[in-house]
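Asker: missing the sequence, but the structure's below:
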């Protein structure tokens, strides 16, 4: 059922942390700033690998899982999108089919901006184009780091690193649980391993007093040691 308190599209397009803050008043008039955003229930596929994308998706509320599917049908989670993030920009700019699939992990409200409008902003608004380039570079850097991790780190190290990244990206609630709930299979799809391996390692982390598990929820008890296990810089 659709919630009774949908967010305003203005939260996406006028937010001080949004890429759309670079737009002028006249440019803002070209996007659906006063329209009610689209609602997507958990489990909904927004777009799939190989499909055509005709613009940007801007997240106002909820969490979106972004993944690729291997030859064996197994998901490889690339990243998560949350409030303020945009999706589909690479395919929009290149006018190529989507290279990932996006699925709603937590009920979401999303705004859509058509490709022709986005491309006009890129051509005419330098600050908008620059931030978009910075976002693309950040994602490329994260992809390079992941490739290195897969090649050089153990599954134990990668799982510890995944928990640290989730903690940084989604923070903790008042009870120190990660503010995102994932199945064991989804955690395995982040780390790039078998679900059984993740179940075993989570149990080990729990026994070592590093985390606490309540169903799908993870409470971080010893972030410092997790950081050491992950062999992360900084």
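Answerer: It's in. From a predicted model like this one, the values you see are computed outputs, not experimental measurements.

Asker: and residue 110, what does it touch?
Answerer: 37, 38, 40, 46, 57, 58, 59, 60, 62, 64 (C-beta atoms under 8 Å, 6 or more residues apart in numbering). (Each C-beta comes from the backbone N, C-alpha and C, glycine too.)

Asker: rerun that using 10 Å as the cut-off
Answerer: By C-beta atoms under 10 Å, 6 or more residues apart in numbering, the contact set of residue 110 is 9, 12, 37-40, 46, 56-62, 64, 81, 86-87, 102, 104.

Asker: which pLDDT does the model give it?
Answerer: For residue 110, the pLDDT comes out at 92.

Asker: could you confirm it falls within a strand?
Answerer: Yes - Residue 110 forms part of a strand when assessed by DSSP: H, G, I helix; E, B strand; the rest coil.

Asker: for it, list each beta-bridge partner.
Answerer: residue 38, residue 59 (DSSP bridges).

Asker: distance check, the residue nearest the centre of the chain against residue 203.
Answerer: The centre of the chain sits closest to residue 80, judged by C-alpha atoms, centre = their mean, with a distance of 1.6 Å. Here the distance between residue 80 and residue 203 works out to 24 Å (C-beta to C-beta, to the nearest Å).

Asker: check which residues of the top helix by length along the chain are buried.
Answerer: Assignment by DSSP state H gives helix 126-152 as the longest helix of the chain. Neighbour-count burial for helix 126-152 flags 128, 131, 132, 146, 149 (criterion: 16 or more other C-beta atoms under 10 Å).

Asker: let me know the pLDDT of residue 175.
Answerer: 86.

Asker: how many neighbours does it have?
Answerer: 9 (other C-beta atoms under 10 Å).

Asker: swap in residue 83?
Answerer: 18.

Asker: now residue 149: how far from residue 156?
Answerer: 12 Å.

Asker: should've said residue 60
Answerer: Distance from residue 60 to residue 156, by C-beta to C-beta: 37 Å.
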